[in-house]
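Colleague: Using only what follows, build the 3D model:
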Amino acid sequence: MTESEADLLHAAEQILLRDCMREKGFVYEPVPRQPVPDARDFPYVIDDPEWARDHGYGSDIDRKREEISTEGVNERYFRSLPQERRAPAIAAATGARPDGLTARAPDGLTITRSPDGCQSQAERGLYPDLAAWFQARVTVDSLPPLRGGKVIADGEFQGATQKWSACMRTAGYEFQDPAAARAALPPPDQPLPREREVAMAVAEAGCAHTSGLAETAARLDRAYDAELREKYGSDVTTWLRLRGEALPRAGSVVEADAKR
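Modeller: Got it, this is the predicted structure:
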């Protein structure tokens, strides 16, 4: 699925959520799927020198995310409601009961959610078989951390990490692995001086390539991704099918909203 298709599904779900909340007497403003466009995930190591030169370790992006999460229009709206209206507003959004939908995650954990509420109603408007969608989504959302754990534990990754560490040492940084570098960073609201943050991130990205860690991580990530998708193939297939089937519905929702 392309980024534009993922954006379409998200936009339609947000419109349906807004309309449902409006029907229940509350306000909800749709939010973009990627509120900070420059945000990137580097699960193993920063491997993009240009991004590192622009954002360092992303403390600027983290601050923008925090600002959006604390100062967003919907958060302000919910906080502005009188006390007696807040609980009904939350119930309208998430449902009055905490269960009804049940899914089993790959790690065996049981996840429950209310089938009522505007969030479920919005998803049901795109994915009529909400129970199948919920199970598939729980599984697919669980795969990236599982995959990451397998990659990091792989001997090839650990060997490349040792070479990366040696490269960083030559550049003046003593870190056993990229995770240690991140752990050494101060919180986003008290970042390193920008020049220091950028210099360290650029060194990490450069060493990611010269040590072979970037290539090794990418190759292992693809291999374990394929392994997990095969292992949980039924849910992955359902997730892909339901999203594909939802695209025409999403297009109709967005098109109708544009004509209002």
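
Colleague: Identify the residue nearest Lys150 in space, chain neighbours excluded?
Modeller: Spatial nearest neighbour of Lys150, excluding adjacent residues (Cβ to Cβ, 6 or more residues apart in numbering): Tyr224 at 4.5 Å. Using the backbone N, CA and C atoms, a C-beta is placed for each residue, glycine as well.

Colleague: Check which helix or strand that neighbour maps to.
Modeller: Using DSSP states H and E, Tyr224 falls within helix 213-231.

Colleague: so how far is Gln158 from Leu228?
Modeller: 20 Å (Cβ to Cβ, to the nearest Å).

Colleague: okay, these two: which has more neighbours?
Modeller: Of the pair Leu228 and Gln158, Leu228 is the one with more neighbours under other Cβ atoms under 10 Å, namely 20 against 12.

Colleague: any idea of the pLDDT on the more buried one?
Modeller: For Leu228, the pLDDT comes out at 98.

Colleague: relative to helix 213-231, how tilted is the next helix or strand after the helix holding Tyr224?
Modeller: Remark: after helix 213-231, the chain's next helix or strand is helix 233-258, criterion DSSP H and E. Taking axes from the mean of the first three to the mean of the last three Cα atoms, to 10 degrees, one finds that helix 233-258 is oriented at 100 degrees with respect to helix 213-231.

Colleague: List the buried residues for helix 233-258?
Modeller: Judged by neighbour count (16 or more other Cβ atoms under 10 Å), helix 233-258 contains these buried residues: Asp235, Val236, Thr238, Trp239, Leu242, Arg243, Ala246, Arg249, Ala250, Val253, Val254, Asp257.

Colleague: The first one - nearest residue in space that isn't next to it in sequence?
Modeller: Think Asp235. Asp235 sits nearest to Thr139 (Cβ to Cβ, 6+ apart), 3.8 Å away.

Colleague: Surely the one you found forms part of a helix?
Modeller: Yes - the assignment for Thr139 (DSSP: H, G, I helix; E, B strand; the rest coil) places it in a helix.

Colleague: Could you count how many residues lie near it?
Modeller: Counted with other Cβ under 10 Å, residues neighbouring Thr139 total 21.

Colleague: ditto for Lys259
Modeller: Neighbourhood size, Lys259 [other Cβ under 10 Å]: 5.

Colleague: From Leu8, how far off is it?
Modeller: 16 Å.

Colleague: again with Leu17
Modeller: From Leu17 to Leu8 the distance is 15 Å (Cβ to Cβ).

Colleague: who's more crowded, those two?
Modeller: A count of neighbours by other Cβ under 10 Å puts Leu17 above the other of Leu17 and Leu8, at 24 against 19.

Colleague: Which helix or strand contains the residue lying closest to the more buried one once chain neighbours are set aside?
Modeller: In space, and not counting its chain neighbours, Leu17 is closest to Ala122: 4.1 Å by Cβ to Cβ, 6+ apart. Under the criterion of DSSP H and E, Ala122 resides in helix 117-126.

Colleague: So which bits of that helix are buried?
Modeller: Under the neighbour-count criterion of 16+ other Cβ under 10 Å, helix 117-126 has Gly117, Cys118, Gln119, Ser120, Gln121, Ala122, Glu123, Gly125, Leu126 buried.

Colleague: can you check stretch 184-194 too?
Modeller: Neighbour-count burial for stretch 184-194 flags Leu185, Pro188, Pro191, Leu192 (criterion: 16+ other Cβ under 10 Å).

Colleague: How far does it sit from its chain's centre?
Modeller: 22 Å (Cα atoms, centre = their mean, to the nearest Å).
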